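In: Got a sequence here, can you model it:
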Amino acid sequence: MKSSLSKLTASLLLGSLFAVAIFSCQKAPYEIGFDLLPPSDTLNVKTTDTCTVEAFSVRQDSVRTDKTSTLVMGSMMDPFFGKTTTGFYTQVRLSSEAVDFGTNPVLDSLVLMLVYAGSYGTTGVQQNVKVYEISEDFAYDSLRFSNQQLATYPTLLADQDFKPNLKDSVLVYKEKVVPHLRINLSKQTNYLGRKILEAPTDALATNSAFIKFMKGLYVTAGPEKDGALLDFSISSGISKLVVYFHNGDDPLNDSLHYNMLLNENCARFVHVDHNGYRDASPELKEQILSHDSAKGINKLFIQGLGGVKVKLKFPYIKGLGKGKAIAINDAVLQLKNLQTDTTLAPPLSLTIIRQDSAGRIGYLVDDNEGSSYFGGTYDKANHSYFFRLTQHMQNILQNAYKNHYDLYMLVNTPVSSFVKPNRIMIYGTNPLVPGDDSNPLHLKMTYTILN
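Out: This is a model prediction of the structure:
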């Protein structure tokens, strides 16, 4: 009897020590406390990396893109993910209220300035940009997603070819301005410029009145065979719409202009079109269009901008202890980049979320411990990511979730405004790579048998 109590006490002590250990990031969780116990008491600690993991790529419906710090516009052809075309809707605000353009303003030009903030793809090729005027009201506080669109007037304000130049400053009236794209909105038609200059006084009195009068601009890319997705900053104060004009009653005064702002106070969102993945590789199509989940054993695909995510399943995790009570000390999902020589950089970070059949999203309890514990950050040296799922797996064993949740690994969640286009291909759960069996997506677990 005394021997049984001793064993029970030792097991409880061991389980308590391991429960504390999983919250430590300074030392491997399953190592802490080993120096306090006799070697014989560690025999119940098991490690395995052969837990069955099912993973396959699926399409992500959309991602939230309103109130972003950068606006994305461009078109690119990815050899694996196919064509992606992006554009953005944005309001334009007055730089001052009660604007007075004079008694006889005459339009010289209307120019949209967009400051480059980055790119993804090939910038050394010609691209095309088209601009339309928005005809539909949209509010600053409205949630907007990448698959949504707004109505526009049919008049094409600009249809301009350009080659992105993110390095060289632009000379504007003898002054150097940071690298930016200039789109002439008066070359196709002078309609919008005249609309602004001839606006009634009450429409120029306040920003709220002006936004009702001119609801905003839709700036989108023409589809290209190659190209890049371009980021434009709205925080520099240089991204703006400038109307250049002169006073028709005073021919000598020909240098007037007025700035309208694109900034954080403008309602805005990014629209993304992945072209139905019609141009994607056969391997990707088999997973996301034909829904062949078995194809995930070889390659897995993840793409930002509401593109592609990976669904994860652990079908036999509840049988881990073979009927015995266990405490999970550490559970780490490991995955590796399959394509390390690409010019298309992988995502700097990934995340894993829970989602039920009704579409409700939840975060993993391990995520609350911070990224150094939970993981998800790209390891450039090893071309890999990891996720620590220790507490989530323990919750599954204890039936702690009332609803059934599937796990999804993705670049960004559908509810946070994070418009990064980066994509990656990773090794599947049993990759068919000759001579290399060390890189599959796998779950490594350390656990303690309690009885």
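In: where in this structure is pLDDT low?
Out: Applying pLDDT under 70 to the chain flags residues 1-43, 251, 253-254, 414-418, 433-438.
In: Now do the domain split for it, please.
Out: For the chain, automatic domain parsing gives the domain ranges 14-60+277-449, 70-99+106-182+214-266.
In: Quick one: distance of the last one to the chain centre.
Out: It refers to domain 70-99+106-182+214-266. 21 Å (CA atoms, centre = their mean, to the nearest Å).
In: repeat for the first one
Out: Average the C-alpha atoms of domain 14-60+277-449, do the same for its chain, and the two points are 19 Å apart (CA atoms, centre = their mean).
In: is the closest residue to residue 86 other than its chain neighbours in a bridge, and if so with what?
Out: Nearest non-adjacent residue to residue 86, counting by CB to CB, 6 or more residues apart in numbering: residue 72, 4.7 Å away. Placement of C-beta: from N, CA and C, glycine included. Counting by DSSP bridges, residue 72 forms beta bridges with residue 231.
In: Surely residue 72 and residue 234 touch.
Out: No: taking CB atoms under 8 Å as the definition, residue 72 is not a contact partner of residue 234, at 11.6 Å.
In: out of these two, which sits in the busier spot?
Out: Neighbours were counted for residue 72 and for residue 234 using other CB atoms under 10 Å; residue 72 has more, 27 against 24.
In: how near is the more buried one to residue 228?
Out: 10 Å (CB to CB, to the nearest Å).
In: With residue 139 instead?
Out: Distance from residue 139 to residue 228, by CB to CB: 31 Å.
In: What of residue 332?
Out: With distances taken as CB to CB, residue 332 is found 35 Å from residue 228.
In: for residue 73, same thing?
Out: For residue 73, the distance to residue 228 - CB to CB - is 10 Å.
In: can you check residue 312 too?
Out: Residue 312 is 31 Å from residue 228, by CB to CB.
In: okay, now residue 393: neighbour count?
Out: For residue 393, using other CB under 10 Å, the count is 24.
In: Check for me that it belongs to a helix.
Out: Yes: according to DSSP: H, G, I helix; E, B strand; the rest coil, the state of residue 393 is that of a helix.
In: pretty sure it contacts residue 407?
Out: No: taking contacts as CB under 8 Å, residue 393 lies outside contact range of residue 407: 10.8 Å.
In: which parts of stretch 171-188 are buried?
Out: 180-181, 183, 185-186, 188 (16 or more other CB atoms under 10 Å).
In: I'd like these laid out as JSON lines, including secondary structure and distance to residue 364.
Out: Below are the buried residues of stretch 171-188 laid out as JSON lines (DSSP: H, G, I helix; E, B strand; the rest coil; distance: CB to CB, whole Å):
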{"residue": "180", "secondary structure": "strand", "distance to residue 364": "41"}
{"residue": "181", "secondary structure": "strand", "distance to residue 364": "40"}
{"residue": "183", "secondary structure": "strand", "distance to residue 364": "44"}
{"residue": "185", "secondary structure": "coil", "distance to residue 364": "47"}
{"residue": "186", "secondary structure": "coil", "distance to residue 364": "52"}
{"residue": "188", "secondary structure": "coil", "distance to residue 364": "51"}
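In: Format the residues you listed as CSV; extra columns: distance to residue 352.
Out: Shown next, in CSV, are the buried residues of stretch 171-188 (distance: CB to CB, whole Å):
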residue, distance to residue 352
180, 38
181, 37
183, 40
185, 44
186, 49
188, 47
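In: Just checking: what are the partner strands of the strand of greatest length in the chain?
Out: As assigned by DSSP state E, the longest strand anywhere in the chain is strand 105-121. Partners of strand 105-121 in the sheet, by DSSP bridges, are strand 180-184 (antiparallel), strand 228-233 (antiparallel), strand 240-247 (antiparallel).
In: With respect to residue 196, which of these lies nearest?
Out: strand 240-247 (5.5 Å; CB to CB).
In: Can I get that closest one in PDB? Just the C-alpha atoms.
Out: Extracted in PDB, the C-alpha atoms of strand 240-247 (Å, rounded to 0.1, in the frame of the first residue of the first chain):
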ATOM      1  CA  LYS A 240      -2.500  62.700 -53.100                       C
ATOM      2  CA  LEU A 241      -4.700  63.900 -56.000                       C
ATOM      3  CA  VAL A 242      -3.500  67.300 -57.400                       C
ATOM      4  CA  VAL A 243      -5.600  69.500 -59.600                       C
ATOM      5  CA  TYR A 244      -3.500  72.000 -61.600                       C
ATOM      6  CA  PHE A 245      -5.400  75.000 -63.000                       C
ATOM      7  CA  HIS A 246      -5.200  78.700 -63.900                       C
ATOM      8  CA  ASN A 247      -7.500  81.600 -63.700                       C
END
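In: And for the very next helix or strand once past that strand, what's in contact with it?
Out: The C-terminal neighbour of strand 240-247 among helices and strands, as given by DSSP states H and E, is strand 256-261. Contacts of strand 256-261 with the rest of the structure, by CB atoms under 8 Å, 6 or more residues apart in numbering, involve 92-95, 99, 101-102, 105, 196, 237, 240-247.
In: Tell me what angle the helix or strand that strand 256-261 is followed by forms with strand 228-233.
Out: Sequence order places strand 268-273 as the next helix or strand after strand 256-261, per DSSP H and E. Strand 268-273 and strand 228-233 meet at an angle of 170 degrees, taking axes from the mean of the first three to the mean of the last three CA atoms, to 10 degrees as the criterion.
In: Pull the residues that contact strand 268-273.
Out: Here strand 268-273 has contacts from 62-63, 65-68, 71-72, 84-91, 144-149, 220, 234, 262, 305-307, 419, using CB under 8 Å, 6+ apart.
In: now with 6 Å?
Out: Strand 268-273 is contacted by residues 65-66, 72, 85-90, 144, 146, 149, 305-306, 419 when judged by CB atoms under 6 Å, 6 or more residues apart in numbering.
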